[in-house]
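Asks: this one's structure only:
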């Protein structure tokens, strides 16, 4: 437009210098449009990402850009959305040169995060036009659910062992409970010699003790549906499950995890370590199976030895949830419900109030500990330590 105005003025006043300026402006426009076409050609991109990271915790991602061509590439910007949308100014890269930057990113999504391409753009040399090109990369990271340090939980009785295995029958070990006597074997402590039996039988007899058992707890996660793109209600339910499981494991309790992983398919995870539990939670997706069906599907084998069940779910309205919790409470000693509060963007028209739902669940005999949106999870569960907000 400026070149056109100058050309018009130069034509009317017959000033040649105006034609020169108009030609320079027009040349800059043409060069600014054409040159960026070459500024992003021939480049190679690479992302070095962690195999695993944790939701809402910073992670390091390395961005590399290589120029194998013979020309200089100017004013480059490389952008991608792995874990978190990020753009890095790379400047110029000489022929055969390489640019590398380390970025700090905080993933807000849980689950597998894969990136197949990065975007490289340049507006060199005049910033008149910008050329963008997508370069292929291969990057994949499993984002584990956020874990809140909870310490001792108000609804869990402490045990005096750090054994993680789950047993249903008495086993010989070093617990405080007396199991019986037997003949002395090499390696037995002389402190355990049972002198009355030794005197009666004429052989050295030692006492046996029952191995102290860990307490079993079941954690059930509602995967019926989810809303939002980041830090969703299902993400927060998985945060509750992972945090409670971590606190129980370190306290020496056995943990079982249950959730629907598909239509009419309920998975129960038992006798696994904390890392496998977290990976399983990270891969949970909306299943469409109501929580009531999951609770009713837990059979005697799934609940064998379970003293406490922790049920966490988004506070969506449900006519079948309260009766299902009542049936579960009639089968085990203690049921703890942790309804996850919803934000204004997640609440649908006609939603039941969280307080009313909590009152109905308390009527079944369950312990209800709502995690309100924006609240502290540790305080909600009675742990008394600092956590994260919903």
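Replies: All right, it came through fine. Only a predicted model underlies this, so the values are computations on that prediction, with no experimental measurement involved.

Asks: Could you check the strand of greatest length in the chain and say which residues are buried?
Replies: When the chain is parsed with DSSP state E, its longest strand is strand 131-144. Residues of strand 131-144 classed as buried under the neighbour-count rule (16 or more other CB atoms under 10 Å) are 131, 133, 135, 137, 139, 141, 142, 143, 144. C-betas here are computed from N, CA, C, even on glycine.

Asks: Who are the packing partners of that strand?
Replies: helix 36-39, strand 44-48, strand 52-54, strand 111-122, helix 274-282 (3 or more CB pairs under 8 Å, 6 or more residues apart in numbering; DSSP states H and E).

Asks: hmm, 10 Å instead?
Replies: Packing partners of strand 131-144 (3 or more CB pairs under 10 Å, 6 or more residues apart in numbering; DSSP states H and E): helix 36-39, strand 44-48, strand 52-54, strand 59-66, strand 73-80, strand 111-122, helix 233-250, helix 274-282.

Asks: By pLDDT, give me the weakest of the buried residues of strand 131-144.
Replies: Within those, the minimum per-residue pLDDT falls on residue 131 (87).

Asks: Roughly how far does that residue sit from residue 34?
Replies: 10 Å (CB to CB, to the nearest Å).

Asks: For the stretch 151-300 of the chain, give me the ranges with low pLDDT.
Replies: In the predicted model, the stretch 151-300 of the chain carries pLDDT under 70 at residues 157-179, 209-215.

Asks: how about the strands of it, start to end?
Replies: Counting by DSSP state E, counting those that start in this stretch, the stretch 151-300 of the chain has strands at residues 172-173, 177-183, 205-210, 216-221, 254-262, 265-269.

Asks: any idea how this protein splits into domains?
Replies: 37-144, 172-210, 216-380 (automatic domain parsing).

Asks: Compare those and give me the one nearest residue 4.
Replies: Closest to residue 4 of the domains of the chain, according to CB to CB: domain 37-144, at 15.4 Å.

Asks: Return the most buried member of the domains of the chain.
Replies: domain 216-380 (a mean of 19; mean count of other CB atoms under 10 Å).

Asks: Now do the end-to-end distance for that domain.
Replies: Taking CA to CA, to the nearest Å, the first and last residues of domain 216-380 lie 22 Å apart.

Asks: Just give the closest residue to the residue nearest the centre of the chain, not the sequence neighbours.
Replies: By CA atoms, centre = their mean, the chain has its centre lying nearest to residue 145, at 2.2 Å. Counting by CB to CB, 6 or more residues apart in numbering, the nearest residue to residue 145 once its immediate chain neighbours are dropped is residue 238, at 3.9 Å.

Asks: isn't the one you found right up against residue 279?
Replies: No. With contacts counted by CB atoms under 10 Å, residue 238 stays clear of residue 279, the gap being 11.2 Å.

Asks: circling back: now tabulate the buried residues of strand 131-144 in CSV and tack on distance to residue 54.
Replies: Formatted as CSV, the buried residues of strand 131-144 follow (distance: CB to CB, whole Å):
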residue, distance to residue 54
131, 37
133, 33
135, 28
137, 23
139, 17
141, 11
142, 10
143, 7
144, 5
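
Asks: Closest one of the residues you listed to residue 230?
Replies: Nearest to residue 230 out of the buried residues of strand 131-144 is residue 143 (CB to CB; 10.7 Å).

Asks: ok, that closest one - contacts?
Replies: With contact set as CB atoms under 10 Å, 6 or more residues apart in numbering, residue 143 has these partners: 50, 52-57, 59, 83, 107-113, 235, 282.

Asks: can we see that at 6 Å?
Replies: Listed by CB atoms under 6 Å, 6 or more residues apart in numbering, the contact set of residue 143 reads 53, 55, 107, 110, 113.

Asks: And the pLDDT at the third one?
Replies: Okay, so that is residue 107. We note a pLDDT of 95 for residue 107 in this prediction.

Asks: hang on, isn't it packed against residue 83?
Replies: Yes. Using CB atoms under 6 Å, residue 107 is in contact with residue 83, at 4.2 Å.

Asks: thought residue 236 was touching residue 340?
Replies: Yes. If you go by CB under 6 Å, residue 236 and residue 340 touch, sitting 4.7 Å apart.

Asks: re the thing from before, against residue 128, how distant is the residue nearest to the centre of the chain?
Replies: Residue 145 is 47 Å from residue 128, by CB to CB.

Asks: which element is residue 344 on?
Replies: Residue 344 is part of no helix or strand, with elements assigned from DSSP states H and E.

Asks: from what I can see residue 154 touches residue 380, true?
Replies: No. Using CB under 6 Å, residue 154 is not in contact with residue 380, being 10.3 Å away.

Asks: if we can go back for a sec, which member of the buried residues of strand 131-144 is positioned nearest residue 256?
Replies: Residue 256 lies nearest to residue 144 out of the buried residues of strand 131-144, by CB to CB, at 18.9 Å.

Asks: So that closest one sits against residue 282, correct?
Replies: Yes. Assessed by CB under 6 Å, residue 144 is found in contact with residue 282 at 4.9 Å.

Asks: doesn't residue 317 fall inside a helix?
Replies: No. The assignment for residue 317, made by DSSP: H, G, I helix; E, B strand; the rest coil, is coil rather than a helix.

Asks: Next, it: phi, psi?
Replies: phi -70, psi 140 (degrees, to the nearest 10).

Asks: distance of it from residue 224?
Replies: 12 Å.

Asks: Now the closest residue in space to residue 237 that isn't next to it in sequence: which helix or strand?
Replies: Closest residue to residue 237 apart from its sequence neighbours, by CB to CB, 6+ apart: residue 312 at 4.6 Å. Remark: residue 312 resides in strand 306-314, with elements defined by DSSP H and E.
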